[in-house]
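Student: Whatever this is, show me its structure:
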Amino acid sequence: MSPCFCGDSQCRSCGVAQGTIEPVVHRARALFTSVTPHHATPRAFYEQLDAEFGFDFDPCPLNDASIWDGCAASWTGKRVFCNPPYGRGVDRWLAKAREAELAVYLLPARTDTAWFHDYALTADEIRFIRGRLCFGDNPDKRAPFPSVVLVYRGERPA
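Tutor: I've put the predicted structure just below:
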């Protein structure tokens, strides 16, 4: 059992009063997991990327993700924006990148994962986001992880 020592009178991540005994070290937990794998792209952030890249396909829209599998759809010739669920299976989404004319991903910057080494490092551009994004346009819902934008421009020349 560990007390919360985040420095606030009440911890913003779990609501526990400072010094209260908790059965887990909740601050460390936030560094390794998310409460949900689904994170709504901040509107202004998406609009800035869309103005630069001109997207015409989102294979995993937040509200429709439970009724269709955008990973199974063809991405051929499309300009894709993809903010996939941030759990196991990110590699499935990244494997589709070169199928598209252009694929831009918003992902957690988990540089220690296999998918990051196998797929992210092959991107044409890697843009690390300074600071933490506020998902769903909620300033109180900062990501517990850093984010990265990966840009793939079609097939790689042989």
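
Student: Please enumerate the strands of the chain.
Tutor: 2-3, 21-22, 79-82, 102-108, 125-128, 147-152 (DSSP state E).

Student: average model confidence for the longest helix seen in the chain?
Tutor: For the chain, the longest helix by residue count, based on DSSP state H, is helix 43-53. Per-residue pLDDT over helix 43-53 has a mean of 94.

Student: what does that helix contact?
Tutor: Phe55, Arg79, Phe81, Leu102, Val104, Leu106, Leu133, Asp137, Val149, Val151 (Cβ atoms under 8 Å, 6 or more residues apart in numbering). Where you see a C-beta, it was placed from the backbone N, CA and C, and this is true even at glycine.

Student: Export the strands of the chain to TSV and append columns for mean pLDDT and mean neighbour count.
Tutor: Listed next are those as TSV, based on pLDDT from 0 to 100; neighbours: other Cβ atoms under 10 Å:
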stretch	mean pLDDT	mean neighbour count
strand 2-3	39	12
strand 21-22	42	12
strand 79-82	96	22
strand 102-108	96	23
strand 125-128	97	12
strand 147-152	96	21
